[in-house]
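Colleague: Sequence and predicted structure below; questions after.
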Amino acid sequence: MSDVQHEQIVIIGSGPAGYTAGVYAARAMRKPLILAGYQPGGQLTITTEVENWPGDTEVQGPDLMVRMREHAEAMGARVEEDHVSKVDFQTRPFKIETESGKHYTADSVIISTGAQAKWLGLPTEEKFKGFGVSACATCDGFFYRDKEVIVIGGGNTAVEEALYLTNFASKVTLVHRRDSLRAEKILQDRFMKHPKTEMIWNSVLDEVIGTDMPLGVTAAKLKNTETGDVTQIDTHGVFIAIGHAPSTELFVGQIDMKDSGYIKTQPGTPQTNIPGVFAAGDVTDETYRQAVTAAGMGCQAALDAERYLAELEDEKSVETV
Ligand code: NDP
């Protein structure tokens, strides 16, 4: 086993919650270590324009995350692009192992591993993943220049992805299972007014149809949720945008979670059921899931971690008197 490195605060994850926690913990002189994963910056690195980050009327998601990382590092946080493979919160100090083979112990841990796109779970969705089926318009939109695509979902992600795809595709059809969108009104208006868009209400994706050699999508079967009728529409791309699931597999059995997989925290605080372990951002937030709310929770987690460490130090100094 390699040497074990001890840290006061380890932050797992590098989205707005993780970097903000890094800024605060560094300013508290705790020299936090941010284990950033292999995609530092989280979900905002695969978005384009962000228009609701206060202070920036419009900013590119990847640029914002580079700035957040630089900010945390400038304050004294250290960022390692390594993926945590195992945690042990049953012993103290806590234990953390990474895929590169590093071993850490930590007095406190802030979990900010975020969330990732959900899939429908259809066999044909799986078959064509990466070959016409995608969950990331900003990653794959470029491949659909002058082609027709469909987007499944009715939230902000679906409408934003659909609007982004109009930059490339000849036509973008949004398919939603109900008769009204969940997305913000401003996005809905933009989508409805766009000349390249079309809306299909009350429908779900039933099957993706395509060729085997080469693997590629040619059509989609949609099922009407009211009548049960199945219709087929021609399309080259199917973008799934039906929400997100928290990235919490690593913590199963280590920490209390809700049935939905989100980490449980004490109401209004980032405290988990393990004193010294805090959760911030999308990994614990089923409701708001915004960059700005994640950043706010990262701040709370770092402030609470600082209080926790100060109390630990007080206890130790009393013991040694
Ligand atoms: P949401 O949970 O908001 O929306 C998911 C959408 O997918 C809903 O319309 C839902 O339908 C639909 N859906 C879910 N499951 C299925 C299914 N099995 N079949 C068909 N449709 C399905 O997720 P988002 O990813 O859109 O957004 C997540 C959060 O991130 C939200 O809080 C959102 O506001 C935020 N966000 C904010 C952005 C911004 O402010 N610029 C950009 C992107 C996201 P139904 O409506 O019927 O439940």
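Modeller: Here it is on my side, so go on.
Colleague: Before we go further, residue 301 is sitting in a helix, right?
Modeller: Yes: according to DSSP: H, G, I helix; E, B strand; the rest coil, residue 301 belongs to a helix.
Colleague: And for it, the neighbour number?
Modeller: By the measure other C-beta atoms under 10 Å, the count of residues near residue 301 is 34. For every residue, glycine as well, the C-beta is placed using N, CA and C.
Colleague: With residue 168 instead?
Modeller: Residue 168, neighbours per other C-beta under 10 Å, totals 19.
Colleague: And residue 208, which helix or strand is it part of?
Modeller: Element membership for residue 208, per DSSP states H and E: strand 203-212.
Colleague: tell me which parts of the stretch 151-300 of the chain are close to the ligand?
Modeller: Proximity of the stretch 151-300 of the chain to the ligand, by C-beta under 6 Å from any ligand atom, involves residues 152-158, 160, 177-178, 182, 204, 242-244, 289.
Colleague: 5 Å instead?
Modeller: Residues of the stretch 151-300 of the chain lying close to the ligand by C-beta under 5 Å from any ligand atom are 153-157, 177-178, 182, 242-243, 289.
Colleague: now residue 31, nearest residue through space, not along the chain?
Modeller: residue 76 (5.9 Å; C-beta to C-beta, 6 or more residues apart in numbering).
Colleague: Run through the helices of the stretch 201-321 of the chain in chain order.
Modeller: 291-320 (DSSP state H, counting those that start in this stretch).
Colleague: Run through it and note the low-pLDDT ranges.
Modeller: Applying pLDDT under 70 to the stretch 201-321 of the chain picks out residues 321.
Colleague: returning to that earlier point: the residue nearest to residue 31 and residue 21, how far apart?
Modeller: Distance from residue 76 to residue 21, counting by C-beta to C-beta, to the nearest Å: 13 Å.
Colleague: which of the two has more neighbours?
Modeller: Higher neighbour count among residue 76 and residue 21: residue 21, with 36 against 16, using other C-beta under 10 Å.
Colleague: so that one makes contact with residue 35?
Modeller: No: between residue 21 and residue 35 there is no contact under C-beta atoms under 8 Å: 12.0 Å.
Colleague: which residues are in contact with both of those two?
Modeller: Shared contacts of residue 21 and residue 35, defined by C-beta atoms under 8 Å, 6 or more residues apart in numbering, are found at residue 11.
Colleague: wait, residue 204 sits on residue 226?
Modeller: No: the pair residue 204 / residue 226 is not scored as a contact, 11.1 Å apart, by C-beta under 8 Å.
Colleague: Those two: which is more packed in?
Modeller: Remark: of residue 204 and residue 226, residue 204 carries more neighbours, 16 against 9, as counted by other C-beta under 10 Å.
Colleague: Look up how far residue 46 lies from that one.
Modeller: 25 Å.
Colleague: in its sheet, what does the strand holding residue 208 sit against?
Modeller: strand 215-224 (antiparallel) (DSSP bridges).
Colleague: list the buried ones in the partner strand?
Modeller: For strand 215-224, a neighbour-count test (16 or more other C-beta atoms under 10 Å) marks 217, 219-220, 222-224 as buried.
Colleague: Check the offset of that strand from the chain's centre.
Modeller: 27 Å (C-alpha atoms, centre = their mean, to the nearest Å).
Colleague: and that strand, C-alpha only, in PDB?
Modeller: Extracted in PDB, the C-alpha atoms of strand 215-224 (Å, rounded to 0.1, in the frame of the first residue of the first chain):
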ATOM      1  CA  LEU A 215     -25.000   1.300 -36.600                       C
ATOM      2  CA  GLY A 216     -27.200   4.400 -36.900                       C
ATOM      3  CA  VAL A 217     -30.700   5.800 -36.200                       C
ATOM      4  CA  THR A 218     -33.200   6.300 -38.900                       C
ATOM      5  CA  ALA A 219     -36.500   6.600 -37.000                       C
ATOM      6  CA  ALA A 220     -38.300   6.600 -33.700                       C
ATOM      7  CA  LYS A 221     -41.600   5.000 -32.600                       C
ATOM      8  CA  LEU A 222     -43.600   7.200 -30.300                       C
ATOM      9  CA  LYS A 223     -46.500   6.100 -28.200                       C
ATOM     10  CA  ASN A 224     -49.400   8.400 -27.400                       C
END
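Colleague: how many neighbours does residue 280 have?
Modeller: 35.
Colleague: ditto for residue 130
Modeller: 8.
Colleague: Excluding sequence neighbours, find me the nearest residue to the closest residue to the ligand within the stretch 51-200 of the chain.
Modeller: Residue nearest to the ligand within the stretch 51-200 of the chain: residue 155 (2.4 Å; C-beta to the nearest ligand atom). The shortest distance from residue 155 to any non-neighbouring residue, by C-beta to C-beta, 6+ apart, is to residue 182 (4.6 Å).
Colleague: what kind of secondary structure is the one you found in?
Modeller: coil.
Colleague: hang on, it packs against residue 157?
Modeller: No: here residue 182 lies out of contact with residue 157, judged by C-beta under 8 Å, at a distance of 9.9 Å.
Colleague: Of these two, which one has the most company?
Modeller: Shown here are residue 182 and residue 157; by other C-beta under 10 Å, residue 157 has more neighbours (26 against 15).
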